[in-house]
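> With the input below, show me the fold.
(one chain, ligands or ions: 1)
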Amino acid sequence: MTKKTRREFIRSCSSAALSMLVLRPLHALAAAFGAGGRSPGTISGHANIQVISGEGGRPPTASGFEPGYIGLHRSGELKARGEELREIMRSCRLCPRECGTDRLDGAEGFCRASSKLEISSYHPHFGEERPLVGKGGSGTIFMTNCGLRCVFCINWEISHEGRGDRYSTSDLALMMMHLQKIGCHNINLVTPTHYSPHIVLALDTAAGLGLRLPVVYNTCGWERVEILKKLDGIVDIYLPDFKYFDSEMSAKYSASAATYPKMTMDALLEMHRQVGVARPSEDGLMRRGLMIRHLVMPNGVSGTGKVLGWIAENLPKDTYVNIMSQYTPTYKAAEYPAISRRITREEYADAVARARKLGLSNLDIQGSPPG
Ligand code: SF4
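Have a look, this model is predicted:
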């Protein structure tokens, strides 16, 4: 796995096509390439751009798949949605904190994000769910900062301490193009919520440059339905966590986020309405659907039985559910006795048995955790 820093990002753009993209304003570039409706493969005289387009070098429509954002880009709706989301940053309500910060005036919200986009790294990721990884990896872009702020966060340096660099939305579009060029199967946006305006505007630019990969919205699950509705037709794969069933637990371990269970349930229903059940294509790759992650925590903190019960009752039984065993007490977890250890084999086996008993049939099950 190769992670890229900002310096490496600039260096990686030194190929003929990408250096042109970096050195010239994107709007000028889009005009030069005639982006904004025409298929990149039809643009004459720009062979490099033809190489960039397509999934791993194959024609974008080889699987009969076209991501939803392409049509929205062509109609101008994608840009309009990005601008609508951007306006919301004026008194920010992008996430359930609804802290009302005027990010457009340069202030930082509870999540510590301002109007400036910050990204920690971007690279092919081979540790995500198999239908996202394939042979070329999931094109993962780690966003800096977070509105949920769990005490056991495994990415605490990025989410809590702000490790990352500032980029423009044009840079983000180029990252997406780079990940497509090197053969990744999707654009996997990790912790995207507070940067949803930047993401949508970057997608609009990237779509004009030939991006054709499905977009994965890799979120903590704590989302506002009103904001998700603005992503309808843009996101191809929702990859949310369902972390807690009990609001006391979410309040205790995620910075007073007592609304987590209810808001996440509402969010999951909306995500399912938009993209439906996740089913891989013939080549084994996922291109659309809802993929839920549930991290089993020690001592029943995550309410695993109830979480699985809710899914079985409220979503189709073949909803994709990844029951995750890798809980590790990182960051401040050692200060909380109930979550200061890994889970036992029995706790994980109980979770799997429960899911099967409930009739959930599309389970992603991992090897036994260390006891
Ligand atoms: S995204 Fe950040 S600034 Fe916006 S409401 Fe959430 S915490 Fe506040």
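> Give me the contact list for the helix or strand containing G309.
In this structure, G309 is located in helix 304-314 according to DSSP states H and E. Helix 304-314 is contacted from outside by 242, 244-246, 265, 268-269, 292, 294, 296-297, 319, 321, 323, 350-351, 354-355, 358-360, using Cβ atoms under 8 Å, 6 or more residues apart in numbering. To be clear about C-beta, it is placed using only N, CA and C from the backbone, and glycine gets the same treatment.
> One more pass at 10 Å, please.
Contact with helix 304-314 is made by 242-246, 261, 264-265, 268-269, 272, 292, 294-297, 300, 303, 317, 319, 321, 323, 343, 347-348, 350-352, 354-361, 363, as judged by Cβ atoms under 10 Å, 6 or more residues apart in numbering.
> what's downstream of the helix or strand harbouring D204, the next helix or strand?
Secondary structure assigned from DSSP H and E places D204 in helix 196-209. Per DSSP H and E, the first helix or strand lying C-terminal to helix 196-209 is strand 215-219.
> how much does that next one deviate in direction from helix 196-209?
Per axes from the mean of the first three to the mean of the last three Cα atoms, to 10 degrees, the angle that strand 215-219 makes with helix 196-209 is 160 degrees.
> which helices and strands sit right next to strand 215-219?
Under the contact definition 3 or more Cβ pairs under 10 Å, 6 or more residues apart in numbering; DSSP states H and E, strand 215-219 sits against strand 138-143, strand 187-190, helix 196-209, strand 237-240, helix 260-275, strand 289-295.
> Distance from it to the middle of the chain?
2 Å (Cα atoms, centre = their mean, to the nearest Å).
> Kindly format the C-alpha coordinates of it as CSV.
The C-alpha coordinates for strand 215-219 follow below in CSV (Å, rounded to 0.1, in the frame of the first residue of the first chain):
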residue,chain,number,x,y,z
VAL,A,215,-18.2,6.7,-5.2
VAL,A,216,-18.1,5.1,-1.8
TYR,A,217,-19.3,7.3,1.1
ASN,A,218,-17.4,5.8,4.0
THR,A,219,-19.0,7.3,7.1
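> What pairs with it, parallel or antiparallel?
strand 187-190 (parallel), strand 237-240 (parallel) (DSSP bridges).
> near the ligand, anything from it?
No. Under the criterion of Cβ under 6 Å from any ligand atom, the ligand is not reached by strand 215-219; the shortest gap measures 11.9 Å.
> pLDDT averaged over that strand - what is it?
Strand 215-219 shows a mean pLDDT of 98.
> Would you mark the buried spots in it?
Buried residues in strand 215-219, counted by 16 or more other Cβ atoms under 10 Å: 215-219.
> Which other helices and strands does the top strand by length along the chain contact?
Criterion DSSP state E: the longest strand present in the chain is strand 117-125. On a contact count with 3+ Cβ pairs under 10 Å, 6+ apart, strand 117-125 meets helix 6-12, helix 130-133, strand 138-143, helix 156-159, strand 165-167, helix 169-181, strand 187-190, helix 196-209.
> The same query, at a cut-off of 6 Å, please.
Judged by 3 or more Cβ pairs under 6 Å, 6 or more residues apart in numbering; DSSP states H and E, strand 117-125 is in contact with strand 138-143, strand 165-167.
> Okay, now the sheet partners of the shortest one, with direction.
Spelled out, it's strand 165-167. Here strand 165-167 has these sheet partners by DSSP bridges: strand 117-125 (antiparallel).
> Which residue is the nearest non-sequential neighbour of the one residue in the chain that gets nearest to the ligand?
Across the chain, the shortest distance to the ligand (Cβ to the nearest ligand atom) belongs to G109, at 2.0 Å. Spatial nearest neighbour of G109, chain neighbours left out: T101 (3.9 Å); criterion: Cβ to Cβ, 6 or more residues apart in numbering.
> My reading is that that neighbour lies in a helix. Confirm?
No. According to DSSP: H, G, I helix; E, B strand; the rest coil, T101 belongs to no helix; its state is coil.
> Does it touch A107 like I think?
Yes. Applying Cβ atoms under 6 Å as the test, T101 and A107 come out as touching, 4.9 Å apart.
> Quick check: what element follows the lowest-mean-pLDDT helix or strand in the chain along the chain?
Least confident helix or strand, the chain: helix 47-52 with a mean of 26, by mean pLDDT, DSSP states H and E. Downstream of helix 47-52, the first helix or strand assigned by DSSP H and E is helix 68-75.
> just checking, what packs against the helix or strand that comes right after that following helix?
Per DSSP H and E, the first helix or strand lying C-terminal to helix 68-75 is helix 77-88. Contact partners of helix 77-88 among helices and strands, from 3+ Cβ pairs under 6 Å, 6+ apart: helix 196-209.
> So for the helix it packs on, mean pLDDT?
Mean predicted lDDT for helix 196-209 stands at 98.
> Quick check: buried residues in that helix?
196-209.
> what residues are up against I88?
I88 is in contact with L94, counting by Cβ atoms under 6 Å, 6 or more residues apart in numbering.
> Many thanks, we can stop here.
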